[in-house]
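A.B. asks: just coords:
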């Protein structure tokens, strides 16, 4: 199971990134869970200075932007 972590304070871009990550995982048929990390201390501990960010299994793969489901699918495929 992949842990898709959305790092951010819950802004519109964070919500959009979460929806895109979920759509990408569903389209690929990946077993996943979404975790939303809003604690600024944890976000900075993970090395993120700009949100929204996406981490997969505690590894940050995107930061400071909202990517399309297609971009996220490519990232997920490369991690398999």
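C.D. replies: Thanks, I have the structure now. The structure presented is a predicted model; accordingly, all values stated were derived computationally and were not measured.

A.B. asks: tell me the centre residue of the chain?
C.D. replies: Centroid-nearest residue in the chain, with C-alpha atoms, centre = their mean: residue 54, separated by 2.5 Å.

A.B. asks: so that residue bridges to which residues?
C.D. replies: Beta-bridge pairing for residue 54 (DSSP bridges): residue 6, residue 62.

A.B. asks: and residue 9, what does it touch?
C.D. replies: The contact partners of residue 9, by C-beta atoms under 8 Å, 6 or more residues apart in numbering, come to 38, 40, 51. C-beta here means a position set from N, CA and C on the backbone, and glycine is covered the same way.

A.B. asks: quick check: the first one touching residue 15?
C.D. replies: Which is residue 38. No - look at residue 38 against residue 15 with C-beta atoms under 8 Å: they stay out of range, at 11.9 Å.

A.B. asks: scan the protein for its longest helix.
C.D. replies: Counting by DSSP state H, the longest helix found in the chain is helix 12-28.

A.B. asks: and the contacts of that helix?
C.D. replies: Residues from elsewhere that reach helix 12-28, judged by C-beta under 8 Å, 6+ apart: 2, 4, 6-8, 32, 34, 36, 51-52, 54, 62, 66-70, 72-73, 76-77.

A.B. asks: now that helix, how far from the centre of its chain.
C.D. replies: 8 Å (C-alpha atoms, centre = their mean, to the nearest Å).
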